[in-house]
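J.: quick one, fold the following:
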Amino acid sequence: MTIPRMLFSILLIFVTSLFVGPAAAADLKEIQARGELRHLGIRYANFVTGDGDGFDVDLVRGFAKHIGVRYQLVYTDFYNVIRDLLGKNVVRKGDEVTLEGDFPVRGDIIATGFTVLPWRERVLLYSEPTFPSQVLLVARADSPQSPIKGSSSLARDIQETKAMIGKKSLLVMERTCLDPANYGLKGVGLDLRTYTKSTNLNEMVPALLNRDAELTLLDVPDAILDLQKWAGKIKVLGPISEEQDLAAAFPKSAPELRAAFNEYLRKIRADGTYDQLVNKYYPGIRRYFPDFFARKG
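T.: Predicted coordinates:
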């Protein structure tokens, strides 16, 4: 091989390496052979605090130990988390969901207060539920609107709550659990204000208090923390959604990893570890979802 051809070959190998991402997402046996589980987490509420702990951080760290591998937390955000798992962008057009492009795969499991939504189920495998949730309509405490009285019918309560939005501006964040398209709030003439300063759901209440909009959406786990942090400054008006499940998510090519996680989840529910995590990060949550914890706890 001549020197120019040799240099060309070396350059070709170098350039090619620039486009090869980290190790792709794998199933259980490949992860055990690798010796490391990469957990995709988003700084959100007490699920992933950003300080190296949180409900889902402790949960997945325990799972990594259960399957005999090291644990690695990989931070991401709600806009990129599925891409970081699948190496594909999720493009959603109405009820259609497609995967496009090629990107580095950065993790093996999503666990971050991740809501089970029908469109996500088309491209992901979900574990058994790890936590309950529900989306609420929230206003500043000085708003003239009063919380709904509530009834025996959740569907009627949701309808009454949605009617309260009326002509008022509503702060939302697309491609998250607070996406108005998930709850029939998009394309119906509402004054939607999409929050775009960041992808951090923890900023929704500060934006509301800054009067970026008159109302906003929050889910229950986040609302519980915000009602404590911003005591006397916000109030819940009523439910926007049915009760929801949060769960860990995996690529559809990793059914054995999902099965192992479900086995681990059943184990820690039986030995009391799960209850300890709930009490540590979300004390008082059981009164909001007594049926879930009676069934799952």
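
J.: which residues sit in contact with the residue nearest the centre of the chain?
T.: Nearest to the mean C-alpha position of the chain, by Cα atoms, centre = their mean, lies residue 114 at 2.7 Å. Neighbour list for residue 114: 81, 246, 247, 248, 249 [criterion: Cβ atoms under 8 Å, 6 or more residues apart in numbering]. Where you see a C-beta, it was placed from the backbone N, CA and C, and this is true even at glycine.

J.: gap between it and residue 276?
T.: The gap separating residue 114 from residue 276 is 21 Å, by Cβ to Cβ, to the nearest Å.

J.: element containing residue 37?
T.: Element membership of residue 37, judged by DSSP states H and E, is strand 36-41.

J.: so how far is stretch 231-248 off the chain centroid?
T.: Computed by Cα atoms, centre = their mean, to the nearest Å, the chain-centroid distance of stretch 231-248 equals 14 Å.

J.: swap in stretch 46-56?
T.: 13 Å.

J.: try stretch 39-58
T.: Counting by Cα atoms, centre = their mean, stretch 39-58 is centred 11 Å from the centre of its parent chain.

J.: and it, how far apart are its ends?
T.: Start-to-end span of stretch 39-58 (Cα to Cα, to the nearest Å) is 11 Å.

J.: also stretch 175-192?
T.: 14 Å.

J.: same question for stretch 141-156.
T.: For stretch 141-156, the end-to-end distance is 24 Å (Cα to Cα).

J.: and stretch 145-159, by the same measure?
T.: 16 Å.

J.: quick check: mean pLDDT of that stretch?
T.: The predicted model assigns stretch 145-159 a mean pLDDT of 96.

J.: and what of stretch 258-269?
T.: The model assigns stretch 258-269 a mean pLDDT of 98.

J.: off-centre distance for it?
T.: 19 Å.

J.: what residues sit buried inside that stretch?
T.: 258, 260, 261, 264, 265, 268 (16 or more other Cβ atoms under 10 Å).

J.: contact partners for the fourth one?
T.: Listed by Cβ under 8 Å, 6+ apart, the contact partners of residue 264 are 62, 63, 66, 67.

J.: ok, now how distant is the last one from residue 107?
T.: Just to be clear, that refers to residue 67. 15 Å.

J.: so for these two, which sits in the more crowded spot?
T.: residue 107 (23 against 15; other Cβ atoms under 10 Å).

J.: from what I see, that one and residue 31 are in contact.
T.: No. Under the criterion of Cβ atoms under 8 Å, residue 107 makes no contact with residue 31, lying 10.9 Å away.

J.: and which of the contacts of residue 114 is nearest to residue 57?
T.: Residue 57 lies nearest to residue 248 out of those, by Cβ to Cβ, at 12.1 Å.

J.: quick one: contacts for that closest one?
T.: Contacts of residue 248 (Cβ under 8 Å, 6+ apart): 56, 59, 60, 109, 110, 111, 114, 126, 127, 130, 258, 261.

J.: for the fifth one, grab phi and psi.
T.: If I follow you right, that is residue 110. Here is the backbone geometry of residue 110 (degrees, to the nearest 10): phi -100, psi 130.

J.: contacting residues for it?
T.: 40, 81, 82, 85, 124, 248, 249, 250.

J.: quick check: domain ranges of this protein?
T.: Domain assignment for the chain by automatic domain parsing gives 14-132+245-296, 135-242.

J.: where among those domains is the average confidence lowest?
T.: domain 14-132+245-296 (a mean of 92).

J.: that one: how far from the chain's middle?
T.: Using Cα atoms, centre = their mean, the offset of domain 14-132+245-296 from its chain centre is 9 Å.

J.: before we move on, back to that, can I have the buried ones of the contacts of residue 264 as a PyMOL selection?
T.: Provided next is the PyMOL selection string for whichever of those are buried by 16+ other Cβ under 10 Å:
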select buried, resi 62+63+66
